[in-house]
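In: whatever this is, show me its structure:
(one chain, ligands or ions: 3)
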Amino acid sequence: MKTLTIRQPDDWHLHLRDGAVLEAVAPYTAAHFARAIVMPNLVPPVVTTADAAAYRERILAALPEGSGFTPLMTLYLTEATQAADVESGFRDGLVTAVKLYPAGATTNSESGVRNIEAVYPVLERMAAIGMPLCVHGEVTDPAVDIFDREAVFIERVLTPLRRRLPELRIAMEHVTTKDGVAFVRAQDDNVGATITTHHLIINRNAILAGGIRPHYYCLPVAKRETHRLALREAATSGEGQFFLGTDSAPHVDPLKESACGCAGVFNAPNTMACLAQVFEEEGALEKLEAFASLNGPAFYRLPPNERRIRLTRHSEPIETVRKVTAGAETITVFDPMSPIHWKVEDDAS
Ligand SMILES: NC(=O)N[C@@H](CC(=O)O)C(=O)O
Ligand SMILES: [Zn+2]
Ligand SMILES: [Zn+2]
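Out: Numbers count the residues shown, from 1 in each chain. Ligands and ions are numbered 1, 2, ... in the order given. As a prediction, this is how the structure comes out:
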């Protein structure tokens, strides 16, 4: 039986939500991952260091007994964010990064940034103290086709931002296009990119061909096959700028299976198994550790985890969790549309 032992992975882009959903989903991430960058797009958002401290306590309370999982907190950047608050949260070790949502770009982004000029004082302070900015990289201009919004964001927002503040450390979140991959490669190591599990597995046909499938709808929306192949190539290259951010984004089923369904794919329970499968298909199992466990800590200037996990390939397909219960509702787990043979044998919970 094929086995693979790697340093314990981290998730550099995760939605844990709050309340009953937090309680339902947190144990799945804590079972496999040592740390995660926790997204701040709650309602209301996690804006101040005090908000992040309170949210961190709620997350810790939702973890199973004895879990060693560490949530790495982020602040939701608004045009009213105070540079002094951001700096004090970072210096205290309570806050790891700030998240930029262009207003209206994605789930719960209405309080995000409309005019980037308004947040330059905060960005300048972050550049000075070496604090990373996580970016949802899509323009919201309704005139721009939804499949082009990442490429246009690179041209209109990221390129000028890089020119103006080259020392600012930027994580381009959930990169979904070959344009995004090329942009990141053309930058110095102040720029990194997360890649999700599902964007390595699905293209836009999964959402639209043969019926509309809301559980494959997320933002940035999955693109055509050439882009998926570029993401696979980047993720399995081992290059330090690319690392895992699952963007596991749970929404209860009634909010997904609706005439106007929410964006987000919940993949935390089977992410590591899916990734082992992807890396095996690409003949790159030896690069999985770099992608999931080494490149992210290097970008965030944190030590890699000392603990190891073991993945095993079984000849028979593995039965995986299909739905998770949260309060009175269910949340559907990402279905990779082909049998999964890998299993994390040694979970960290
Ligand atoms: N990825 C998504 O489709 N949704 C995320 C928001 C985000 O990461 O853009 C969510 O919070 O649901
Ligand atoms: Zn996003
Ligand atoms: Zn996200």
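
In: helices of the stretch 51-200 of the chain, start to end?
Out: Assigned by DSSP state H, counting those that start in this stretch, the stretch 51-200 of the chain shows helices spanning 83-91, 120-129, 149-153, 159-164, 178-185, 197-201.

In: name the stretch among the ones you listed that sits most buried.
Out: helix 197-201 (a mean of 26; mean count of other CB atoms under 10 Å). In this view, the C-beta of every residue, glycine as well, is placed from N, C-alpha and C.

In: name the helices or strands packed onto that one?
Out: If contacts are counted by 3 or more CB pairs under 8 Å, 6 or more residues apart in numbering; DSSP states H and E, helix 197-201 sits against helix 225-235, helix 271-281.

In: by proximity to ligand 2, which residue of this structure wins?
Out: Per CB to the ion, residue 136 is where the chain lies closest to ligand 2, at 3.6 Å.

In: and stretch 49-60, which residues are buried?
Out: 49, 51-52, 55-56, 58-59 (16 or more other CB atoms under 10 Å).

In: cool, stretch 273-282 as well?
Out: So for stretch 273-282, counting by 16+ other CB under 10 Å, buried means 273-280, 282.

In: nearest to ligand 1 among those residues?
Out: residue 274 (16.4 Å; CB to the nearest ligand atom).

In: surely the closest one touches residue 201?
Out: Yes: between residue 274 and residue 201 there is a contact at 6.3 Å, judged by CB atoms under 8 Å.

In: closest one to residue 318 among the helices of the stretch 51-200 of the chain?
Out: Each of these has some distance to residue 318 by CB to CB; the shortest is helix 197-201, at 15.6 Å.

In: contact partners for residue 9?
Out: Residue 9 makes contact with 32-34, 244, 272, 292-293, 305, 309 under the criterion CB atoms under 8 Å, 6 or more residues apart in numbering.

In: out of those residues, which are close to ligand 2?
Out: Contacts with ligand 2 are made by none of the contacts of residue 9, judged by CB under 5 Å from the ion.

In: narrow those to those in helices?
Out: 32, 272 (DSSP state H).

In: in a markdown table, list the contacts of residue 9 along with neighbour count.
Out: A markdown table is the format used below for the contacts of residue 9 (neighbours: other CB atoms under 10 Å):
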| residue | neighbour count |
| --- | --- |
| 32 | 25 |
| 33 | 28 |
| 34 | 21 |
| 244 | 27 |
| 272 | 27 |
| 292 | 29 |
| 293 | 23 |
| 305 | 21 |
| 309 | 23 |
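
In: can you tell me which of the contacts of residue 9 is closest to ligand 1?
Out: The closest of the contacts of residue 9, once distances to ligand 1 are taken by CB to the nearest ligand atom, is residue 244, at 14.3 Å.

In: wait, doesn't the closest one sit right on residue 12?
Out: Yes: counting by CB under 8 Å, residue 12 is a contact partner of residue 244 at 6.3 Å.

In: ok, so what distance separates the residue nearest to residue 230 when sequence neighbours are not counted from residue 227?
Out: Distances taken as CB to CB, 6 or more residues apart in numbering place residue 178 nearest to residue 230, at 3.5 Å, with adjacent residues excluded. Distance of residue 178 to residue 227, given as CB to CB, to the nearest Å: 5 Å.

In: next one: residue 253
Out: Taken as CB to CB, the span from residue 253 to residue 227 is 28 Å.

In: and the two? which has more neighbours close in?
Out: residue 227 (24 against 18; other CB atoms under 10 Å).

In: test my guess that the more buried one contacts residue 195.
Out: No: at 11.3 Å, residue 227 does not count as touching residue 195 under the criterion of CB under 8 Å.

In: quick one on the thing from earlier: with distance to residue 209 and mean pLDDT added, can I get the helices of the stretch 51-200 of the chain in JSON lines?
Out: Output for the helices of the stretch 51-200 of the chain, formatted as JSON lines (distance: least, CB to CB, whole Å; pLDDT from 0 to 100):
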{"stretch": "helix 83-91", "distance to residue 209": "44", "mean pLDDT": "98"}
{"stretch": "helix 120-129", "distance to residue 209": "41", "mean pLDDT": "98"}
{"stretch": "helix 149-153", "distance to residue 209": "21", "mean pLDDT": "98"}
{"stretch": "helix 159-164", "distance to residue 209": "34", "mean pLDDT": "98"}
{"stretch": "helix 178-185", "distance to residue 209": "21", "mean pLDDT": "98"}
{"stretch": "helix 197-201", "distance to residue 209": "15", "mean pLDDT": "99"}
